[in-house]
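Visitor: okay, here's the prediction I keep looking at, along with the sequence it came from:
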Amino acid sequence: MTVHVAKTVALPTHLQALTNLADARIGATIVSCSDEFFAEAARMLQSTPAQFIEGKYDDNGKWMDGWETRRKRESGYDWCIVRLGVTGLVSGFDIDTSFFTGNYPASASIEGCYAPDNQLEGITWTALLENSVLSPDQHHFFDCAAQKITHIRINIFPDGGIARLRVYGRVLLENVDTTQQMDLIGLKNGGRIVAFSDAHFGHPNNLISPDRGINMGDGWETKRRRAPGFDWCIIALGQTGQIEKIDVDTAYFKGNFPAFCSIQAAYIEDATDAQLIPQSMFWPFLLEQQPLSMDNIHEYVAEVLQHQKVNYIRVNMIPDGGISRIRLWGKAALVAK
C-alpha cells in the first residue's frame, strides 16, 4: 500500500514560542465526542503528521488518519471534548484537514473551560473561536484572546473529518514546589525547541518528550556529517531554574550514537529566537564535552557546572548521530514577572 505523509507547514511566527497543549505525548485525551464512526477522535491528537494510505479500509469504510464522523442525516453538528495535557494560557489553534478532501467539515468553532477537577457537568463554556470556514486538505491557523484553559470543545458543522487539532498556548504549572527536582526542559513542563542544525532522521522535539524512546525513530537524529563541525540544538526551558543533574539517553542508538556531547547554558530575559542562534556559540558550559556510549542513559551530577539560573541550553552533538532523550533535573526558580 502506498503511504502519503502530509507536508510539514511552518508555524506562524507568533505561535512558534508556544506549546501544543493538545499533544497526546503530554497527556491530552479525548473526554467524549458525538460520533467517531469512520475514525476515532484520539487520532487527531497525535504529534506526527497525518498519513493517507491508499487502499486501506476497515469495517466502516476508508481508513483515515484523524477524527471522522458519519454523514449527518438530521439537523445539528458534531463535537468533541479534549482534556489538554496541561493547563495553559491558550491563544491559538491549528485545525488541520490534511487528506480530508470530500469529507472535511464546512466550518468549525472552538470553546474552552477551566475545570482542573475534570468536572464538566454544568460547566460554562467560553467561546474561543467563532464558527470559521474550513477548506480541504490544509492547515487553518487561528488566534484567540489568551485564556486559562484545561478543556476545549471543538464543534464541526455539520459533520466530517479533521486530521489533527493543535491547541497552542503557554504552559501554566500550578502549585509548583520549588523545593523539589523537576525536569525543567520537559515538554509537559513547557520546554520547547528553539532552533537546530539538522533533523534529517528525527526531530529534536523528541528529546523533551515524556518517557523513554520507543525506538530509534523516537529521538533526534541528524544526517551523516561530511564536513568539519558538529550538530546542535537550542532548547528553551519551560521553567527557569538551577540545574542539579543531567540525563543524556541514547536508547536504541547503537551504530549511530554521537561520540561526544556537551551542553552550554544561559539566562537571557526577553530574548527573540533569532538572536539566540549566534549568541549560543559563546554561552558558558553547563556540561563540558563527555563521551557517550550506545543505548544507554548517561547520568551527570558532579560534572554539572554551577549556574545561578538557566532558561536556555544548547546541546552539542559531536560530530553527529542520534540522542533519544535529554532530562535537565533541577529546582524551579522564582522569577519576577
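Guide: Cool, the structure landed.
Visitor: burial measure for residue 188, as a count.
Guide: 21 (other CB atoms under 10 Å). In this view, the C-beta of every residue, glycine as well, is placed from N, C-alpha and C.
Visitor: ah, wrong one, I meant residue 289
Guide: Other residues close to residue 289 by other CB under 10 Å number 12.
Visitor: what's next to the helix or strand hosting it, contact-wise?
Guide: Assigned by DSSP states H and E, residue 289 falls within strand 285-291. Here strand 285-291 makes contact (CB atoms under 8 Å, 6 or more residues apart in numbering) with 243, 246, 248, 259-265, 298, 300, 303-305, 307, 310, 313, 316, 318.
Visitor: quick one: buried residues of that strand?
Guide: Within strand 285-291, the residues that count as buried by 16 or more other CB atoms under 10 Å are 285-287.
Visitor: possible to save those residues as JSON lines with pLDDT?
Guide: Formatted as JSON lines, the buried residues of strand 285-291 follow (pLDDT from 0 to 100):
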{"residue": "285", "pLDDT": "98"}
{"residue": "286", "pLDDT": "98"}
{"residue": "287", "pLDDT": "98"}
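Visitor: tell me which of these is nearest to residue 172?
Guide: Nearest to residue 172 out of these is residue 286 (CB to CB; 26.3 Å).
Visitor: excluding its backbone neighbours, what's nearest the closest one?
Guide: Spatial nearest neighbour of residue 286, chain neighbours left out: residue 265 (3.8 Å); criterion: CB to CB, 6 or more residues apart in numbering.
Visitor: can you list contacts of stretch 201-220?
Guide: By CB under 8 Å, 6+ apart, stretch 201-220 touches 25-27, 47, 185-188, 191-193, 196, 199, 221-223, 233, 235, 249, 251-253, 256, 315, 317, 322-326.
Visitor: same thing with stretch 122-139?
Guide: Against stretch 122-139 from outside (CB under 8 Å, 6+ apart): 9, 90, 93-102, 104-113, 115, 140, 142, 144-145, 147, 149, 152-153, 155, 157.
Visitor: quick one, strands of the stretch 1-150 of the chain?
Guide: 3-5, 19-20, 29-33, 51-53, 57-58, 61-62, 67-68, 78-96, 107-113, 126-133, 139-157 (DSSP state E, counting those that start in this stretch).
Visitor: comparing these, which comes out most buried?
Guide: Among those, the stretch with the highest mean neighbour count (mean count of other CB atoms under 10 Å) is strand 67-68, at a mean of 29.
Visitor: from residue 26, how far out is the closest residue to residue 185 other than its chain neighbours?
Guide: Closest residue to residue 185 apart from its sequence neighbours, by CB to CB, 6+ apart: residue 191 at 3.7 Å. Applying CB to CB, to the nearest Å, the value for residue 191 to residue 26 is 10 Å.
Visitor: sorry, back to before: just to check, the residue nearest to residue 286 is in contact with residue 312?
Guide: Yes: Residue 265 lies in contact with residue 312 (CB atoms under 8 Å); the separation is 6.8 Å.
Visitor: shared neighbours of the two, which are they?
Guide: Counting by CB under 8 Å, 6+ apart, the contacts common to residue 265 and residue 312 are residue 283.
Visitor: thinking again about what came up before, now the element after the helix or strand containing the residue nearest to residue 286, going C-ward?
Guide: Per DSSP H and E: residue 265 is located in strand 260-266. Next helix or strand after strand 260-266 toward the C-terminus (DSSP H and E): helix 273-279.
Visitor: so what does that next one touch, helix or strand wise?
Guide: Judged by 3 or more CB pairs under 8 Å, 6 or more residues apart in numbering; DSSP states H and E, the packing partners of helix 273-279 are strand 192-196.
Visitor: and the strand it packs on, which strands flank it?
Guide: Next to strand 192-196 in the sheet, as set by DSSP bridges, lie strand 231-249 (antiparallel).
Visitor: export the strand it pairs with to PDB, keeping only CA atoms.
Guide: Extracted in PDB, the C-alpha atoms of strand 231-249 (Å, rounded to 0.1, in the frame of the first residue of the first chain):
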ATOM      1  CA  ASP A 231      25.300  19.300  15.200                       C
ATOM      2  CA  TRP A 232      23.400  21.300  17.800                       C
ATOM      3  CA  CYS A 233      20.000  22.300  19.000                       C
ATOM      4  CA  ILE A 234      18.800  25.100  21.300                       C
ATOM      5  CA  ILE A 235      16.100  24.400  23.900                       C
ATOM      6  CA  ALA A 236      14.100  26.900  25.900                       C
ATOM      7  CA  LEU A 237      13.400  25.600  29.400                       C
ATOM      8  CA  GLY A 238       9.800  25.500  30.400                       C
ATOM      9  CA  GLN A 239      10.800  26.600  33.900                       C
ATOM     10  CA  THR A 240      13.800  28.700  34.800                       C
ATOM     11  CA  GLY A 241      15.900  27.000  37.400                       C
ATOM     12  CA  GLN A 242      19.200  25.800  38.800                       C
ATOM     13  CA  ILE A 243      20.400  22.500  37.200                       C
ATOM     14  CA  GLU A 244      21.500  19.700  39.500                       C
ATOM     15  CA  LYS A 245      21.500  16.700  37.300                       C
ATOM     16  CA  ILE A 246      21.500  15.900  33.500                       C
ATOM     17  CA  ASP A 247      20.500  12.700  31.800                       C
ATOM     18  CA  VAL A 248      21.500  12.000  28.200                       C
ATOM     19  CA  ASP A 249      19.800   8.900  26.900                       C
END
